[in-house]
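>>> Structure of the sequence below:
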Amino acid sequence: MPIDLYTWNTPNGRKISVALEEMELPYTVKPIDIGKGEQFGEAFLKISPNNKIPAIVDSDGPGGAPISVFESGAILLYLGEKTGKFLPKDLRTRVPVLEWLMFQMGGFGPMPGQAHHFVALENEADRRYGLERYLKETRRLYGVMDSRLADREFFAGEISIADFAIVSWAWRHERHKVDLNDFPHVKRWYETVMARPAVKRGFDIAMS
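Model prediction:
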């Protein structure tokens, strides 16, 4: 049975479609139109009590029983455990995957997300402070990533769920007012990941 993916066309939604494609798991997209407030519907809240996309329902969960999972990082970890792919078993090699996944969840997501909010404001006075603060922090995070990638192909050495998480936000680099030419190692990594056929499918699948 395919996994039901409740999502919308956002970076956090795309990181799960990319992972599902890379892990070769069958899935069905169940669009949740966040512009219309569908994330507050009673049925969806039973799956995602924090009213955020994405969420999944796996009818073939642990022990063969259905399971629902919300929060994109938790979903990536679940899928990695389920398939044994892109999440190393060895603790030493797993740690950097977890570190860079948490880096994305705690920083390279919330900070660009705030930048998205202020970019969209029409009142220049309202926009100015927020944009200066969050665009500066977003560029700092790109710099951290550029340093990390200076001597390795992917964030944790081998490609992993951390790369799927981060690429879904780097996908919006133009909206972040970031020219990837300023971060050549990030640019090389981004182009490498985005060229993968499964990643392309994950970004191409309709979510809205």
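>>> Least confident secondary structure element in the protein?
Within the chain, judged by mean pLDDT, DSSP states H and E, the helix or strand with the poorest mean is helix 110-119; its value is a mean of 80.
>>> which residues touch that one?
For helix 110-119, the external contacting residues (Cβ atoms under 8 Å, 6 or more residues apart in numbering) are 126-127, 130-131, 133-135, 137-138, 141, 169, 172, 175-177. In short, each C-beta sits where N, CA and C put it, glycine included.
>>> and the helix or strand just after it, how far out from the chain's middle?
Next in sequence after helix 110-119, counting helices and strands by DSSP states H and E, comes helix 124-148. For helix 124-148, the separation from the chain centroid amounts to 19 Å (computed by Cα atoms, centre = their mean, to the nearest Å).
>>> could we number from 2 for the rest of this?
In the new numbering, first residue 2, that becomes helix 125-149.
>>> mind checking how far the least confident helix or strand of the chain is from the chain centre?
Put simply, helix 111-120 sits 15 Å off its chain's centre (Cα atoms, centre = their mean).
>>> Which positions within that helix qualify as buried?
112-117, 119-120 (16 or more other Cβ atoms under 10 Å).
>>> before we move on, back to that, ok, the contacts of helix 111-120 vs Gly107, which is closest?
Nearest to Gly107, judged by Cβ to Cβ, of the contacts of helix 111-120 is Leu142 at 10.3 Å.
>>> Which residues are in contact with the closest one?
The contact partners of Leu142, by Cβ under 8 Å, 6+ apart, come to 108-109, 112-113.
>>> Val179 too?
Contacts of Val179 (Cβ under 8 Å, 6+ apart): 139-140, 143.
>>> Check for me that it belongs to a helix.
No. The assignment for Val179 (DSSP: H, G, I helix; E, B strand; the rest coil) gives coil, which keeps it out of a helix.
>>> Next one: it relative to Glu154, how far apart?
21 Å (Cβ to Cβ, to the nearest Å).
>>> Repeat that for Glu22.
To Glu154, Glu22 is 20 Å away according to Cβ to Cβ.
>>> Between those two, which has more neighbouring residues?
Remark: of Glu22 and Glu154, Glu22 carries more neighbours, 21 against 14, as counted by other Cβ atoms under 10 Å.
>>> doesn't Arg202 make contact with that one?
Yes. Using Cβ atoms under 8 Å, Glu22 is in contact with Arg202, at 4.5 Å.
>>> Can you give me the buried ones in stretch 189-204?
For stretch 189-204, by 16+ other Cβ under 10 Å, it's 190-191, 193-194, 197, 199-200, 203-204.
>>> residue furthest from the geometric center of this protein?
Using Cα atoms, centre = their mean, the residue of the chain lying farthest from its centre is Ala126. It sits 30.9 Å away.
>>> which residues touch it?
By Cβ under 8 Å, 6+ apart, no residues touch Ala126.
>>> can you check Asp5 too?
Here Asp5 is in contact with 28-29, 31, 57-60 (Cβ under 8 Å, 6+ apart).
>>> Who wins on neighbours among those residues?
Neighbour counts for the contacts of Asp5 (other Cβ under 10 Å) peak at Ile57, which has 26 neighbours.
>>> just checking, it touches Leu6?
Yes. Using Cβ under 8 Å, Ile57 makes contact with Leu6 at a distance of 5.5 Å.
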